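**Student:** Make a model of this:
(one chain, ligands or ions: 1)
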Amino acid sequence: MISLLGRVNMDALDDPFAAVDRELAACALGEAADAIVVDMHAEATSEKMAMGHFCDGRASLVVGTHTHVPTADAQILDGGTAYQTDAGACADYDSVIGNQKEEPLRRFTTRIAGGRFKPAEGPATVCGVYVETDEASGRARRIEAIRVGGRLSQTSPAVAAVHTR
Ligand SMILES: [Fe+2]
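**Tutor:** Below is the predicted model of the structure:
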């Protein structure tokens, strides 16, 4: 498991591409590791997608986090790495990225903070990704988005069409 921090619209940090390159070189998929999950915690979809391609064939899964909304691009990249731009939050989606709507709306409409953000506490949707890997190579054979409960459209490995290579 490798957790990276992106740099687009985030505080200045070390280069996540150089960091993951170093770690993946030190721990080869299918040799030193049966499976490698890369969590790309970043704001920009472009940076997350670039990271997926950068790691393609060297990680079992590259999945983005931080933007809280699940993306509809679960796929297996050409080199065998499963990928989704953002896994989504496990949260109440009758909200602004998990917060009760009133304070975010006040700030967007008036530019004045009127209090703290409070978590939305309605029924949550559990979001994530399901991945099957090849035992020998560690590469992905299947990826499915998971959205269970709450108000988002529902999907899970049991109900989804099978996406395999
Ligand atoms: Fe974050």
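**Student:** need the next SSE after the lowest-mean-pLDDT helix or strand in the chain, C-terminal direction.
**Tutor:** Lowest by mean pLDDT, DSSP states H and E among the helices and strands of the chain is strand 2-5, with a mean of 94. Next helix or strand after strand 2-5 toward the C-terminus (DSSP states H and E): helix 16-26.
**Student:** ok, and for that following helix, which residues are buried?
**Tutor:** P16, F17, V20, L24 (16 or more other CB atoms under 10 Å). Placement of C-beta: from N, CA and C, glycine included.
**Student:** before we move on, what about stretch 124-144?
**Tutor:** 124-125, 127-131, 133, 137-144.
**Student:** Then stretch 111-124?
**Tutor:** F117, A120, A124.
**Student:** what's in contact with it?
**Tutor:** 90-92, 94-95, 98-101, 103-104, 106-107, 149-151 (CB atoms under 8 Å, 6 or more residues apart in numbering).
**Student:** how far is that stretch from where the chain is centred?
**Tutor:** 23 Å (CA atoms, centre = their mean, to the nearest Å).
**Student:** re the thing from before, now do the least confident helix or strand of the chain: everything it contacts.
**Tutor:** Contacts for strand 2-5 (CB under 8 Å, 6+ apart): 13, 16, 19-20, 23-24, 36-42, 51, 59.
**Student:** Sheet partners, orientation included, of it?
**Tutor:** strand 37-41 (parallel) (DSSP bridges).
**Student:** Enumerate the strands of this protein by residue range, in sequence order.
**Tutor:** Remark: strands assigned in the chain by DSSP state E are 2-5, 37-41, 61-65, 75-76, 82-84, 126-133, 140-148.
**Student:** Look at the closest residue to K101 other than its chain neighbours and say how many residues are nearby.
**Tutor:** Leaving aside its sequence neighbours, K101 sits nearest to S95 (CB to CB, 6 or more residues apart in numbering; 6.2 Å). Neighbourhood size, S95 [other CB atoms under 10 Å]: 20.
**Student:** picking up where we left off before, and the least confident helix or strand of the chain, how far out from the chain's middle?
**Tutor:** 11 Å.
**Student:** what's across from the residue lying closest to I143 once chain neighbours are set aside in the sheet?
**Tutor:** Excluding the flanking residues, the one nearest I143 by CB to CB, 6+ apart is A82, at 4.0 Å. Counting by DSSP bridges, A82 is bridged to L61, I76.
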